[in-house]
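Q: okay, here's the prediction I keep looking at, along with the sequence it came from:
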Amino acid sequence: MADQEQADVRLSLARLRQEHEDYDAAINAMITVGCDALRIQRMKKKKLSIKDKITALEDQIIPDIIA
């Protein structure tokens, strides 16, 4: 992977991690306030989707090592 590509992936990864943390904070606030369970469930689903994207990007950066 070229240096520029790797830098772009790392930047995207940092943005997604921040977004994941933001969703976590929002979900916790919604739970504290007593928001609708369906809205909380949807937020958790979006958070999980972001986590999947993070995992995919991490897999691009870290090569698989076959032992």
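A: Noted; the coordinates are in hand.
Q: alpha carbons only for contacts and neighbour counts from here, please
A: OK.
Q: pull the longest helix from this structure.
A: When the chain is parsed with DSSP state H, its longest helix is helix 3-33.
Q: what's the first helix or strand after it?
A: helix 37-61 (DSSP states H and E).
Q: buried residues, that next one. List them.
A: 40, 43-44, 47, 50-51, 53-54, 57 (16 or more other CA atoms under 10 Å).
Q: any idea how far residue 14 is from residue 20?
A: 10 Å (CA to CA, to the nearest Å).
Q: okay, those two: which has more neighbours?
A: residue 20 (20 against 13; other CA atoms under 10 Å).
Q: mind putting the buried residues of helix 37-61 in TSV, pLDDT and distance to residue 9 included?
A: Formatted as TSV, the buried residues of helix 37-61 follow (pLDDT from 0 to 100; distance: CA to CA, whole Å):
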residue	pLDDT	distance to residue 9
40	96	29
43	96	24
44	97	24
47	97	19
50	98	14
51	97	15
53	96	11
54	96	10
57	93	7
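Q: tell me the pLDDT of residue 5.
A: With respect to pLDDT, residue 5 scores 88.
Q: hmm, I typed the wrong one, I wanted residue 41.
A: 97.
Q: kindly report the same for residue 67.
A: Confidence score, pLDDT, at residue 67: 61.
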